[in-house]
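S.K.: Any chance you can model this:
(chains A and B)
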Amino acid sequence: MLIVVSMVTFGIFFVVPQWAGATPEAMASRYVGRAATPETVHLVAERLGFNDPVVVQYGRFLKGLFTGAEYDYGAGVEQCPAPCFGYSFISGQPVWPDLVDRIPVTFALALGAAFIWVVAGVSVGVVSALRRGSFFDRVAMGTALAGVSLPIFFTGMVSLVVFSYGLGWTPPGGAWTDLSENPAQWAYNLLLPWITLAFLFAAGYARLTRAGMLETMGEDYIRTARAKGMRERDVVVKHGLRAALTPILTLFGIDFGLLIGGAVLTETTYTLPGLGQFAILAIRNQDLPQVMGVVLIAACFVVLANLIVDLLYAWVDPRVRLS
Amino acid sequence: MSFLDVKDLKIHFPTDDGLVRAVDGLSFSLERGETLGIVGESGSGKSVTSLGLLGLHKGGRAKISGEIWLDGDELVGATAEHVRTLRGRKMAMIFQDPLSSMHPFYTVGQQIVEAYRIHNQVSKAVAKKHAIDMLGRVGIPEPDRRVDAYPHEFSGGMRQRAMIAMALSCDPELLIADEPTTALDVTVQAQILDLMRDLQREFNSALIIITHDLGVVAELSNDILVMYGGKCVEYGSTDDIFYRPEHPYTWGLLGSMPRLDREPTERLLPIKGSPPSLINVPSGCAFHPRCPYAELTQGKADTAVPALAETEGGHLVRCHLDKSERRRLWETEIKPVLETQ
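M.R.: Purely as a prediction, here's the structure:
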């Protein structure tokens, strides 16, 4: 799976431009300054191996990821330790350490928001299902519809205007403190992004949970649980919710995987130094190695999250274990 | 007063299309160690009755009236919480389809342990021993291994045995079996019925078997109650129902029952028509549109609801026909046909 991801990424960034007619020199020109002479460009293209067959280039790319690479600049050999995504066009720094710096930010944002949206979405969905048609149900489902429909750059801006600049309850955008430095400050800074991001997702989870609960609470085994004399709360949580959890888990795997690959809009809105913001900057600067690194990392997270969900699936639904 | 006394039980459901009179004035009684069979077609109100006894309609939309006395405890007016503590412990239920009635995500053992621990404050380990013991008693081989299996890993018959083990785990005094053998193979049906009879003797519980199949209750029941359109149409001892039935509907049920002592090539005698809608129950006697003898009542059948009257010795019949007329019809028209067939 990850091999496929690496091939696709490599294909997009190296093979497609060359198919489209880009010469090795054109590829190499991105690596040298605008002032470089054609001779320099040619030399760099040769050294970076753009004249080699695609398979060899891909092999070198993979080798760089796993064992590191050596770049021969003529003036000396540069060591790029594994995993090597190359060097930024702009800063000249290796891509990987910059990426690693940003992972905790995105991870913290995604994890906190996920916790809020799962707890809030699932509980609202359960209560809505149990009190179907009630005032609570209607208000909750109306809010959920708004939550699904409103984009984050709208809710995010509004929340910043109201809570940060208006009421002054939360810090303005761009505030980031390391968890190790000051955990309270860390959480305080992330509170608004967490809630805004969670609102977007909680809505979908509330609707999904409600639909699932309406279905499972009509099942025969719920009647059996009641016939055993179980308390209604246990019937709902242990038997109803347990059975309704499977589709929620699937959705969670997809959402969370995508999110830790970079919550682009949220990070941009709140100016958080995460992977999403990194990706935006990289794209804006046409900094190919950086973009490639972000894409590869994001894809890895999606694959990993789905793998974990598949494993959890077997744990949640024993019928899956046999097949 | 009997162990279980049901008096004039009514369970009505208000719906957008009208009031559904699922159970409309049902009365019966049952002692410990005895078995009552409740027989009727789909939609006659028998399953609603069983869920009503357990109080499973409480809190829903159903309107329930009448009295249910279980061991001196009135249940219709009792709080939902009180009835909940009785469910599973004092009265338990075996459901029709054991695959859909057991939770697919929990092992059979976990589900029995859960049932046991709701009413008994014991550790999980003790409860699991009890579960293994119960599985052994209902005839599941290697219970200490099977206890950790999931319902989908059991065969249909084994699942129903496990269901019975779960229902009996708290030693209930009243056991209600709702179509316990309908979803099973014929060969397995007999085993399950034998098992239920043996266990009932062992536990000395009162047993209610709900079925559409007179054959199921023939051997097990002391009494049989025949339901039609939410009402009791005939109620008597098993002998009364099989040898001296007086209601045309019961005759129809007997005629449509396959029997081993008949020639297999002969056709069954089905009851014409289909069961009535419980929203628009036919006027007068609910059975009159399908009754071949309705015209013998001089028009009473479609105007007046017949009363449930005693013919003799606790044998109750709800029919406009005269007692002598009913006996004549049975002796001259029905019995010979059933026997010669």
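
S.K.: would you say B:Val317 is within a strand?
M.R.: Yes. When DSSP: H, G, I helix; E, B strand; the rest coil is applied, B:Val317 is found to be in a strand.

S.K.: give me every residue that touches it.
M.R.: Neighbouring residues of B:Val317 by C-beta atoms under 8 Å, 6 or more residues apart in numbering or on different chains: B:Val233, B:Glu234, B:Glu246, B:His247, B:Leu308, B:Ala309, B:Thr311, B:Arg326. For every residue, glycine as well, the C-beta is placed using N, CA and C.

S.K.: Just give me the neighbour total for the residue of chain B found nearest chain A.
M.R.: Proximity of chain B to chain A (C-beta to the nearest C-beta) peaks at B:Gly88, 3.4 Å away. Neighbours of B:Gly88 under the rule other C-beta atoms under 10 Å in any protein chain shown: 26.

S.K.: just so I have it, where are all the helices in the stretch 51-200 of chain B?
M.R.: B:80-86, B:98-101, B:108-119, B:124-137, B:143-146, B:156-168, B:186-203 (DSSP state H, counting those that start in this stretch).

S.K.: now swap in the stretch 201-323 of chain A and tell me
M.R.: Going by DSSP H, counting those that start in this stretch, the stretch 201-323 of chain A shows helices at A:220-227, A:232-234, A:242-260, A:264-269, A:275-284, A:288-316, A:318-322.

S.K.: Present those helices as JSON lines; the columns should include mean pLDDT and mean neighbour count.
M.R.: Output for these, formatted as JSON lines (pLDDT from 0 to 100; neighbours: other C-beta atoms under 10 Å in any protein chain shown):
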{"stretch": "helix A:220-227", "mean pLDDT": "91", "mean neighbour count": "22"}
{"stretch": "helix A:232-234", "mean pLDDT": "90", "mean neighbour count": "12"}
{"stretch": "helix A:242-260", "mean pLDDT": "86", "mean neighbour count": "19"}
{"stretch": "helix A:264-269", "mean pLDDT": "79", "mean neighbour count": "23"}
{"stretch": "helix A:275-284", "mean pLDDT": "85", "mean neighbour count": "20"}
{"stretch": "helix A:288-316", "mean pLDDT": "84", "mean neighbour count": "19"}
{"stretch": "helix A:318-322", "mean pLDDT": "71", "mean neighbour count": "12"}
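
S.K.: For chain B, which of those helices is the nearest?
M.R.: Comparing the helices of the stretch 201-323 of chain A by C-beta to the nearest C-beta, helix A:220-227 comes nearest, at 4.1 Å.

S.K.: Please list the residues outside that closest one that contact it.
M.R.: Under C-beta under 8 Å, 6+ apart, the answer for helix A:220-227 is A:216, A:232, A:234-235, A:238-240, A:243, B:51, B:54, B:56, B:87-88, B:92-93, B:95, B:97, B:100-104.

S.K.: Quick one: name the residues of chain B near chain A.
M.R.: Contact residues, chain B versus chain A (C-beta under 8 Å from any C-beta of the partner chain): B:51, B:54, B:56, B:84-89, B:92-93, B:95, B:97, B:100-105, B:107, B:114-115, B:118-119, B:150, B:152, B:166.

S.K.: Buried among the residues you listed? Need that as a selection in PyMOL.
M.R.: Applying 16 or more other C-beta atoms under 10 Å in any protein chain shown to those, the buried members can be selected in PyMOL as follows:
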select buried, chain B and resi 51+54+56+84+86+87+88+89+92+93+95+97+100+101+102+103+104+105+107+114+115+118+119+150+166
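
S.K.: circling back to that earlier point, next step: the contacts of helix A:220-227 restricted to strands.
M.R.: Taking DSSP state E as the definition of strands, those contribute B:Ala92, B:Met93.

S.K.: quick revisit: so which of the contacts of B:Val317 sit within helices?
M.R.: Per DSSP state H, helices hold the following members of the contacts of B:Val317: B:Arg326.

S.K.: Looking at the contacts of B:Val317, which are in strands?
M.R.: Per DSSP E, those map to strands at B:Val233, B:Glu234, B:Leu308, B:Ala309, B:Thr311.
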